[in-house]
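> no sequence on this one, just coordinates:
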């Protein structure tokens, strides 16, 4: 005889062939879809190990045998067939067969209530730029072209925007992608252009964000906000002027103390990624327009800037000038 080489396929095939020849059709149909594996018991004696064959069945196959109380009967029948072939190995002794259900996602039992959306790290990397503040933009589809320009401007301030009509890939289920964006964003802005309040989707997006406890900042673009988020004072913007609109959005966000660290941490990332003195200068131009930087983030911005070559720093005066002004404000207690 020989020792077991770790490959259970020959045992599985032996059992399957025997069930076929014996015309055990019910059990054979289960064996064909089963996921079989070998588990070792606690006893190792006299050169052999006690083992079990684990027979995994998906729910649709497991439930009928459970309902008909055939599980033990099938386990005993399989053990009778598999026992001799497993025990023929010098180092194995088969103690039993265990039929078990394979757990799978199935929300049907919830009666229409969905399982909370969970966003994995890979999904986040697909949806968002790493290191930036994540802003979900709730908007009407007719505004998507103008909002794409606003999104580009906000990226210069370290803010990454999720625009459903721009960011969802054709191969992805758009509803799932929107849910993932809503579940993983740091905050939301609503673009209140005429007709916004009539949008069922926009209203649901607002409700989702508010239930998460996020800031929902209304941008006034022709229509005042209605509903729960109307209590929040948002800026009036002109979508035809994305530069000024972006600045107003950032300044409004900075009024929220919880967002200041995220905004300026994103600038640290932008400085780290700057590949030339021109790009470093552009980051500085955006920083010069902002205030209220926490002291610990000032240190990180300074450290990131000083990692750049001396030549780049000499041609990029905006960042050190801004650091100097902010340091004075922090020292004097101004905000």
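Nice, I can see it. Fair warning: this is a prediction, and the values are worked out from it, not measured in the lab.

> In the stretch 151-300 of the chain, where is pLDDT below threshold?
Confidence mapping of the stretch 151-300 of the chain against pLDDT under 70 gives the ranges 165-172.

> hey, where'd the strands end up in it?
Here the stretch 151-300 of the chain has its strands, by DSSP state E, counting those that start in this stretch, at 159-162, 187-192, 216-220.

> In TSV, list these along with mean neighbour count.
C-beta: built from backbone N, CA, C; applies to glycine. Listed next are the strands of the stretch 151-300 of the chain as TSV, based on neighbours: other Cβ atoms under 10 Å:
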stretch	mean neighbour count
strand 159-162	24
strand 187-192	25
strand 216-220	23
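
> Show the contacting residues for residue 305.
Residue 305 makes contact with 271, 280, 313, 316, 319-320, 323, according to Cβ atoms under 8 Å, 6 or more residues apart in numbering.

> Of those, which pair is most distant in space?
Greatest spatial distance among the contacts of residue 305 (Cβ to Cβ): 280 and 323, at 13.0 Å.

> more neighbours, those two?
Between residue 280 and residue 323, counted using other Cβ atoms under 10 Å, the more crowded position is residue 280 (23 against 18).

> Let me know whether that one touches residue 311 as I believe.
No. Checked against Cβ atoms under 8 Å, the pair residue 280 and residue 311 is beyond contact range at 10.6 Å.

> Which of the three states applies to the residue positioned nearest the centre of the chain?
In the chain, the centroid-proximal residue (Cα atoms, centre = their mean) is residue 119; its distance is 2.6 Å. Secondary structure state of residue 119, per DSSP: H, G, I helix; E, B strand; the rest coil, is coil.

> residues contacting it?
Contacts for residue 119 (Cβ under 8 Å, 6+ apart) come out as 127, 180, 183-184.

> which helix in the protein runs the most residues?
Ranked by residue count, the top helix of the chain under DSSP state H comes out as helix 71-87.

> Next, the contact list for residue 48, please.
By Cβ under 8 Å, 6+ apart, residue 48 lies in contact with 89-93.

> part of a strand, is residue 38?
Yes. Residue 38: assigned to a strand according to three-state DSSP.

> I'd assumed residue 51 was in contact with it.
Yes. With contact defined as Cβ under 8 Å, residue 38 counts as touching residue 51 (5.5 Å).

> Who has more neighbours out of these two?
Comparing residue 38 with residue 51 by other Cβ under 10 Å, the one with more neighbours is residue 51, at 21 against 17.

> For the strand or helix carrying the more buried one, which strands pair with it and how are they oriented?
For residue 51, the element it lies in under DSSP states H and E is strand 48-58. When sheet partners are counted by DSSP bridges, strand 48-58 sits next to strand 35-45 (antiparallel), strand 92-102 (parallel).

> CSV for those, including distance to residue 137 and mean pLDDT?
Shown next, in CSV, are the strands paired with strand 48-58 (distance: least, Cβ to Cβ, whole Å; pLDDT from 0 to 100):
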stretch, distance to residue 137, mean pLDDT
strand 35-45, 44, 82
strand 92-102, 41, 94
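
> Would you mind saying which of those lies nearest residue 9?
Nearest to residue 9, of all the strands paired with strand 48-58, is strand 35-45, at 8.9 Å by Cβ to Cβ.
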